[in-house]
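Q: Predicted model and sequence follow; I will ask about them next.
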There are 2 protein chains.
Amino acid sequence: MPGKKVSEKTIRRLSHYARCLRKAGADGTGVVTSKYLSERCGISSAAVRKDLAAFGEFGKQGSGYEVSDLLENIDRILGTCEPPQVIVIGAGNIGSALLESGLEGTGGYSYSAIFDKNPEIIGRTIAGVTVQPVDKLGEVVGEQGNYIAILTVPPGEGQRAVNGLVSMGCRAILSFVLEPLDVPDGVVLRYVELSTELDLLSHSMRS
Amino acid sequence: MPGKKVSEKTIRRLSHYARCLRKAGADGTGVVTSKYLSERCGISSAAVRKDLAAFGEFGKQGSGYEVSDLLENIDRILGTCEPPQVIVIGAGNIGSALLESGLEGTGGYSYSAIFDKNPEIIGRTIAGVTVQPVDKLGEVVGEQGNYIAILTVPPGEGQRAVNGLVSMGCRAILSFVLEPLDVPDGVVLRYVELSTELDLLSHSMRS
């Protein structure tokens, strides 16, 4: 589906299908039905069929879908045929826990580097990755920008970190920092905001 | 605004205003303008004015808003006048890191308990909170259900944990577990899915 704009909701569902298909492939399953994907992804069967029908090349409805074909097509949309490397800026509690938890079960991502500015932390090894000084960023990741940076720096230090990343050519940032950040056009920024999630749940509990 | 349904997007913005107002209050600022909120929250001035105007009682446009009044009104909508306690199920890397990072700067939330089923972890203290066995859940949190449970159990163990929480009366769950989970009506479930966030960024990078 070249040139076609895909909504965030659709990408979210494709992300679930891809994880499920990777697991199915690893288990030796060659063909799956929309019912199979529906049950394992917790997404209605109708939505699965509609998503897959929208990508005509994905398989024949009724006889199921070839796992490898379907996954290849979804990976092409997600950009995970050759998944970008993931780097972490900030080796505090959350940054360290992310590396220790790893990225198994995801779209083939892996952590390639972690950076911090604290001399006491630099040089430590977390899950096999050595913490490097932030000013080595350019040297380590180069200036291609083909990586995703996860930001776990302390509050108040987010924008400076973002500016540094952007100046190094970084084009995708996932921020765990609880503050609004500015990025120029062409750079994608998403947030994981625990505090906002708690407020959303708190509000729902009393509705 | 009793009885009025508020969208998720609006709640997200209110959550940002509340954090900003709490900080302003702590800094001794008594009155804020929509421009002040706009700049500090990274939300357009027009959106701020529209949000606040929708809640007539919030202040007088033009002369600014009383920080304490505005915060009280937003807290009422968010349910954070008396914020629910937060408990964590799973004291692995992420669960421990959450406790160690704390909830400062949020809507007054705090971690009141953490649970695990691993005998080697039970009894440890993380950021002042002792890890308790999961089967003590009912005893510790009671059956009021007025708390938010953050789920950080290993993959494959999510649904069992959810069933246990629901049977104890829990009504709000935030899951870091990478699998779809079922909850009955009346229970709110939200997800923090790192893998999906990476896929969304990966997709955007190539669009």
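A: Good, I have the coordinates. Residues are numbered from 1 along each chain as shown, chains lettered A, B, ... in the order given.

Q: For burial, what's the neighbour tally of A:E139?
A: 11 (other C-beta atoms under 10 Å in any protein chain shown). Where C-beta positions appear, they are placed from N, C-alpha and C, glycine not excepted.

Q: again, but for the one 10 residues further on
A: The local packing of A:A149 (other C-beta under 10 Å) involves 29 other residues.

Q: ok, and what's touching the strand or helix carrying it?
A: Using DSSP states H and E, the secondary-structure element containing A:A149 is strand A:147-151. Strand A:147-151 has contacts (C-beta atoms under 8 Å, 6 or more residues apart in numbering or on different chains) with A:84-90, A:95, A:98, A:109, A:112, A:141, A:158, A:161-162, A:165, A:170, A:172-177, B:198, B:201-202, B:205.

Q: Same check on stretch A:132-142?
A: So stretch A:132-142 is in contact with A:85, A:87, A:89, A:112-117, A:122, A:147, A:161, A:164-165, A:168, A:170, going by C-beta under 8 Å, 6+ apart.

Q: returning to what we had before: and the strand holding A:A149, C-alpha only, in CSV?
A: What follows is strand A:147-151 as a C-alpha-only set of coordinates in CSV (Å, rounded to 0.1, in the frame of the first residue of the first chain):
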residue,chain,number,x,y,z
TYR,A,147,17.7,5.0,15.1
ILE,A,148,15.1,5.5,17.8
ALA,A,149,16.2,7.3,20.9
ILE,A,150,14.4,6.6,24.2
LEU,A,151,14.7,9.5,26.6
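
Q: hmm, back to that, can you turn the buried part of the contacts of strand A:147-151 into a ChimeraX selection?
A: Selecting the buried subset of the contacts of strand A:147-151 in ChimeraX, with 16 or more other C-beta atoms under 10 Å in any protein chain shown as the burial test, is done by:
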select /A:84,85,86,87,88,89,90,95,98,109,141,158,161,162,165,170,172,173,174,175,176,177 /B:198,201,202,205
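
Q: Please enumerate the helices of chain A.
A: A:8-26, A:34-41, A:45-54, A:67-78, A:93-101, A:137-141, A:158-167, A:194-205 (DSSP state H).

Q: Is chain B within reach of the fourth one?
A: So that's helix A:67-78. Yes. Contact of helix A:67-78 with chain B (C-beta under 8 Å from any C-beta of the partner chain) involves A:I77, A:L78.

Q: And the contacts of that helix?
A: So helix A:67-78 is in contact with A:1, A:6, A:11, A:14-15, A:17-18, A:21-22, A:24-25, A:29-32, A:52, A:55, A:57-59, A:81, A:107, B:199, B:202-203, going by C-beta under 8 Å, 6+ apart.
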